[in-house]
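Undergrad: Quick check, what structure comes out for this input:
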Amino acid sequence: MIDLHYAPTPNGWKITIMLEECGLPYTLHSMQLGRGDQHQPEFLKLSPNGRMPAIVDRAPADGGEPVAMFESGAILIYLAEKAGKFMPREMRARFDVMQWLMWQMGGLGPMLGQNGHFLLYAPEKIPYAIDRYGREARRLYGVLDAHLGEGRDYIAGDYSIADMACFPWIMTHKAQGLTLDDFPHVKRWYALLRARTRLQAGLAVGKAAVAPMDEQARKIMFGVDAPTHSAQQQ
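TA: Numbering: from 1, shown residues only. This is a model prediction of the structure:
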C-alpha cells in the first residue's frame, strides 16, 4: 500500500494520474496548502523541501523498510519501476522518456508556475515579470508543439510518465493566458489524453477537499508567513 500526501495541483495530479493508470492501491492523505500542512515537521520528514506530493511505499519491491519519496518526477520514475508500466526498458526509449520528464521538471513546470504566479497571484502586477514569463511559457508550448508535430501521438514513444508529467501543466493553459488553438499539435495530444478514463479519475482525486483561497492562505502558500526549515526544527 502507498501513502500519498497530496493536494490537487499540477504536481499532485501527476501522481494521482499515475497511480490510477497503474491501478496501484493507495491511501490518500489530503493536504491543505493554504493552511500550511506542507510546513509541518511530520511532512518535512518525508519532503525536506516542504513541497508536496510525497509518498511512502509500505511494500517496496525489496521487501525492506517503507520507502519515502519526494519530488514528483522522482516519484513517477519510482512508480513506473514498481508497476513495470509507462517507462520503457530499452535504453534509447527509456532515456527518451527521461529527457522529456526532465524538460517538464526543469522547464515547463517552473516557468508556467512563475507565469501563473505573476499573472494571477502576485499582489503587484510587474510588467517585466508578466512579459518575461509569458514569453517563456509560449516558447515552451512551441517546443512541445514542434516535437509533437513530427508525427508523434505521445511525447516519447507510447503513452508514458512524460505525458503524465506534462499534461497537468498544459491543463492550466487558460489561466496561463494561452489558447491551444495556437498550438494545434499540443491541442490534438491534449484531447487524446483528456479522453483517458483513468487520467480523468486521477484528476478527480481530492477535488472536494479544496479550501477557498483567502489572503492568509495566499501568504502561507507563497512563503510570506512560512517559517524556515531550520526554525521549524528548533
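
Undergrad: And stretch 132-148, what's buried?
TA: Buried residues in stretch 132-148, counted by 16 or more other CB atoms under 10 Å: 133-134, 136-138, 140-141, 144-145, 147-148. (Each C-beta comes from the backbone N, C-alpha and C, glycine too.)

Undergrad: cool, and stretch 9-28?
TA: Per 16+ other CB under 10 Å, stretch 9-28 contains these buried residues: 9-22, 24, 26.

Undergrad: Kindly report the same for stretch 98-105.
TA: Neighbour counts using 16+ other CB under 10 Å place 98, 100-101, 103-105 of stretch 98-105 among the buried residues.

Undergrad: Using TSV, lay out those together with pLDDT.
TA: Shown next, in TSV, are the buried residues of stretch 98-105 (pLDDT from 0 to 100):
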residue	pLDDT
98	98
100	98
101	98
103	98
104	98
105	98
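
Undergrad: Run a quick neighbour tally on residue 161.
TA: Other residues lying near residue 161 total 28 when counted by other CB atoms under 10 Å.

Undergrad: Once you drop chain neighbours, what's closest to it?
TA: residue 76 (4.3 Å; CB to CB, 6 or more residues apart in numbering).

Undergrad: Report whether that neighbour is found in a helix, as I expect.
TA: Yes: under DSSP: H, G, I helix; E, B strand; the rest coil, residue 76 falls within a helix.

Undergrad: Next, count neighbours for it.
TA: Neighbour count of residue 76, defined by other CB under 10 Å: 26.

Undergrad: Let's see the pLDDT reported for it.
TA: The pLDDT attached to residue 76 in the predicted structure is 98.

Undergrad: measure stretch 1-15 end to end?
TA: Terminal residues of stretch 1-15 lie 15 Å apart, using CA to CA, to the nearest Å.

Undergrad: So that it lines up with my notes, have the first residue be 348 from now on.
TA: Let's use 348 as the start, then, which means that last one is stretch 348-362.

Undergrad: what's the offset of it from the middle of its chain?
TA: Averaging C-alpha coordinates over stretch 348-362 and over its chain gives two centres that are 8 Å apart (CA atoms, centre = their mean, to the nearest Å).

Undergrad: what about the helices in the protein?
TA: 357-369, 388-393, 419-430, 438-450, 456-463, 474-495, 508-517, 531-541, 544-551, 562-568, 576-580 (DSSP state H).

Undergrad: Output those helices as a markdown table; include the columns distance to residue 349.
TA: Compiled in a markdown table, these are given as follows (distance: least, CB to CB, whole Å):
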| stretch | distance to residue 349 |
| --- | --- |
| helix 357-369 | 7 |
| helix 388-393 | 12 |
| helix 419-430 | 8 |
| helix 438-450 | 20 |
| helix 456-463 | 22 |
| helix 474-495 | 29 |
| helix 508-517 | 16 |
| helix 531-541 | 23 |
| helix 544-551 | 14 |
| helix 562-568 | 26 |
| helix 576-580 | 25 |
